[in-house]
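Chemist: My questions are about this predicted structure, shown below with the sequence.
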Amino acid sequence: MLKRSLSLLFMMVVISLLVACGSDSESSNDAADENASNEETDNNSESTGSGEGGTLEIFSWWTGAGEEDGLLALIDLFESKYPDVAVENAAVAGGAGTNAKAVLAARMQGNDPPSTFQVHGGAELNESWVAADMMEPLNDFYEEYELMDKFPEELIDLVSKDGNIYSVPVNIHRGNVIFYNKAVFEDNGISEPTTLDEFMDVLQQLQDAGVTPLAMGDKEAWTATQIFENLLLATLGPDDYRNLWTGDVAFDDDRIVEAAEYFKTILGYVNEDHASRNWQDAAQLVGEGEAGMTNMGDWAKGYFSNDLELETNVDFGYFAFPGTTEDFMVITDTFGLPKGVEDPELVKEFLNVLASAEGQDAFNPLKGSIPARVDADPSKYDEYGTDTMEDFQNSNLTPSLAHGSAASEGFLTKVNQEVNIFVTQQNVEQFIEKLVQAAGDL
Ligand code: GAL
């Protein structure tokens, strides 16, 4: 009976992911193309091991600008320790796993799991792969490598279910950040807003100055969902934001209507070509000074620093999404051990490198995230990193919906679809109605 309901749950996850992927056929094609070119790169550069020590296939969505530098540094580190292992970088392009999650679902369903894969801590791990009994518990691994006290308890909780630990966090990203162009703010005498009302004023000031106030790239809908989730956090506050995911706050609550109204106002200040840009293209507008601000997780910091070669607190600045200055929207990328892989011990060797302070300090300064480990070396990070480490210690921690931690994939897929419709139609009443309907699946 339990087995039957688990396979039913698994099928639902697969279907919702495939539906999500099919709804953006253009980017799927892009992904397929980029994937093919990744394979070429892999053959040339990543798979440098002889293979005598086995093959390790690492699955993620970290390709291209702002995404892959950290991963490649981690792979380099692993290869320097295990030169005989052939590493295959099986990344599938598309921010927030837009395409990767569907490819992964098909592979898992076909009993062809990668050696290890990127998965967000929280619902994305626990309600999909763990619930479908497809992951090995890692409690012994944590014991053996003495990792139990190396990660904040909150993170261990996010990667645990029913007393078992199922993955290893490589980082902590913050989702409620606004990045802005320093020169644009200075030239127009604008200071960082802390409340939603001040934010509305800044949007108008930038508009009056002839600059696109907020760059958005919702070619993939999750970027708009991320703005909405930050508005939910601002209007509900951290406690009731968390209560949304347990069903204790209803989606027709007045404060959610208020968040939707703010969202509508904000949409009046975004670049006209938002629907044809992805998050990097939108962030680039800020880097170039064509737009004042963008709301993005701090993988955008990696993009600004490494790809656009901009300097932190000189070329670009940052502040918490207005109304959420005391809060930290947590996004954690983790890797686990799927059941049925060829060489579980080899996967554990990789997870151990990823879990080490050395591994985390190779990955995170490039990725824009902070280390998940509590004892990593702060001197390896610039001011953005050290500020964020401090904020993580002193903020209310809340799980991101857009990045898989707060609620199931099925619910997230529906929200992304409704947000996409809202961005075009801007009908608050209809949006709320659809959210209430979708919440039935929470
Ligand atoms: C998130 C992921 C980040 C980053 C971002 C954009 O879901 O956690 O590491 O990759 O998507 O693709």
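Modeler: All right, it came through fine.
Chemist: Tell me, how many residues neighbour P238?
Modeler: 17 (other Cβ atoms under 10 Å). Heads up, the C-betas are built off the backbone N, CA and C, glycines and all.
Chemist: Am I right that it falls within a helix?
Modeler: Yes. Under DSSP: H, G, I helix; E, B strand; the rest coil, P238 falls within a helix.
Chemist: quick one: contacts for the residue nearest to it when sequence neighbours are not counted?
Modeler: Of all residues beyond its chain neighbours, the one nearest P238 is N396 (3.8 Å), with distances taken as Cβ to Cβ, 6 or more residues apart in numbering. In this structure, N396 makes contact with P238, E326, D327, F328, judged by Cβ atoms under 8 Å, 6 or more residues apart in numbering.
Chemist: In three-state terms, label I178 for me.
Modeler: strand.
Chemist: just checking, it touches G297?
Modeler: No. With contacts counted by Cβ atoms under 8 Å, I178 stays clear of G297, the gap being 11.1 Å.
Chemist: Roughly how far does the residue nearest to P238 sit from the ligand?
Modeler: As for N396, its distance to the ligand is 20 Å (criterion: Cβ to the nearest ligand atom, to the nearest Å).
Chemist: buried sites along stretch 230-243?
Modeler: If you call a residue buried by 16 or more other Cβ atoms under 10 Å, then stretch 230-243 has these buried ones: N230, L231, L232, L233, A234, T235, L236, G237, P238, D240, Y241, R242.
Chemist: which pair in the residues you listed spans the largest distance?
Modeler: Taking every pair in these and measuring Cβ to Cβ, the maximum separation is 15.6 Å, between L231 and R242.
Chemist: Could you identify the helix or strand that succeeds the helix or strand of the chain with the lowest mean pLDDT?
Modeler: When each helix and strand of the chain is scored by mean pLDDT, DSSP states H and E, helix 25-41 comes last, with a mean of 37. Per DSSP states H and E, the first helix or strand lying C-terminal to helix 25-41 is strand 55-59.
Chemist: tell me what that following strand is packed against?
Modeler: helix 68-81, strand 86-89, helix 100-109, strand 116-120, helix 344-355 (3 or more Cβ pairs under 8 Å, 6 or more residues apart in numbering; DSSP states H and E).
Chemist: got the angle for it vs helix 100-109?
Modeler: Strand 55-59 runs at 140 degrees relative to helix 100-109, counting by axes from the mean of the first three to the mean of the last three Cα atoms, to 10 degrees.
Chemist: Give me the sheet partners of strand 55-59 and which way each runs.
Modeler: According to DSSP bridges, strand 55-59 forms sheet pairs with strand 86-89 (parallel), strand 116-120 (parallel).
Chemist: Spatially nearest residue to K301 (excluding sequence neighbours)?
Modeler: G368 (3.5 Å).
Chemist: next one: D240
Modeler: V249 (5.0 Å).
Chemist: mind checking the SS state of the one you found?
Modeler: coil.
Chemist: quick one: contacts for it?
Modeler: Here V249 is in contact with L236, D240, N243, I256 (Cβ under 8 Å, 6+ apart).
Chemist: Closest one to V85 out of these, please.
Modeler: So of the contacts of V249, ranked by how close each gets to V85 (Cβ to Cβ), first place is N243, at 45.8 Å.
Chemist: part of a strand, is A275?
Modeler: No. A275: not assigned to a strand; according to three-state DSSP it is helix.
Chemist: Can you tell me which residues in the protein are near the ligand?
Modeler: For the chain, the residues in contact with the ligand (Cβ under 6 Å from any ligand atom) are W61, W62, E67, G95, A96, G97, H173, G297, W299, I331, D333, H403.
Chemist: Please render those as a markdown table that adds secondary structure, distance to V211 and neighbour count to the earlier fields.
Modeler: Below are the residues of the chain next to the ligand laid out as a markdown table (DSSP: H, G, I helix; E, B strand; the rest coil; distance: Cβ to Cβ, whole Å; neighbours: other Cβ atoms under 10 Å):
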| residue | secondary structure | distance to V211 | neighbour count |
| --- | --- | --- | --- |
| W61 | coil | 31 | 25 |
| W62 | coil | 31 | 25 |
| E67 | coil | 27 | 24 |
| G95 | helix | 24 | 25 |
| A96 | helix | 27 | 25 |
| G97 | helix | 32 | 27 |
| H173 | strand | 27 | 26 |
| G297 | coil | 23 | 24 |
| W299 | helix | 24 | 25 |
| I331 | strand | 28 | 26 |
| D333 | strand | 33 | 28 |
| H403 | coil | 29 | 26 |
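Chemist: and of those residues, the nearest to K150?
Modeler: Relative to K150, and with distances defined as Cβ to Cβ, the nearest of the residues of the chain next to the ligand is D333, at 16.6 Å.
Chemist: ok, the closest residue in space to G122 that isn't next to it in sequence to G53 distance?
Modeler: Spatially, and ignoring its direct neighbours in sequence, G122 is nearest to S405 (3.0 Å; Cβ to Cβ, 6+ apart). Per Cβ to Cβ, to the nearest Å, S405 is found 34 Å from G53.
Chemist: Looking at these two, which is more packed in?
Modeler: S405 (24 against 15).
Chemist: Contacts only, for the more buried one.
Modeler: S405 neighbours (Cβ under 8 Å, 6+ apart): H120, G121, G122, A123, E124, L158, V330, I331, T332, P399.
Chemist: Count residues in the vicinity of the second one, would you?
Modeler: Applying other Cβ under 10 Å, we find 29 residues neighbouring G121.
Chemist: cool, and the fourth one?
Modeler: Here the neighbour count serves as a burial measure; for A123 (other Cβ under 10 Å) it reads 23.
Chemist: With the fifth one instead?
Modeler: Here the neighbour count serves as a burial measure; for E124 (other Cβ under 10 Å) it reads 25.
Chemist: now the nearest residue to it once chain neighbours are set aside, what's its secondary structure?
Modeler: For E124, ignoring the flanking residues on the chain, the nearest one in space by Cβ to Cβ, 6+ apart is G404 at 3.2 Å. Three-state call for G404 (three-state DSSP): coil.
Chemist: How many residues are close by G404?
Modeler: 27.
Chemist: Does it touch H120 like I think?
Modeler: Yes. Because the distance of 3.6 Å satisfies Cβ under 8 Å, G404 is recorded as touching H120.
Chemist: Looking at the residues of the chain next to the ligand, which one is closest to E288?
Modeler: W299 (18.7 Å).
Chemist: Next, the contact list for that closest one, please.
Modeler: Neighbours of W299 in contact, by Cβ under 8 Å, 6+ apart: G66, E67, H173, K367, G368, S369.
Chemist: okay, the residues you listed in CSV with distance to E409 next?
Modeler: Output for the contacts of W299, formatted as CSV (distance: Cβ to Cβ, whole Å):
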residue, distance to E409
G66, 24
E67, 21
H173, 19
K367, 23
G368, 24
S369, 22
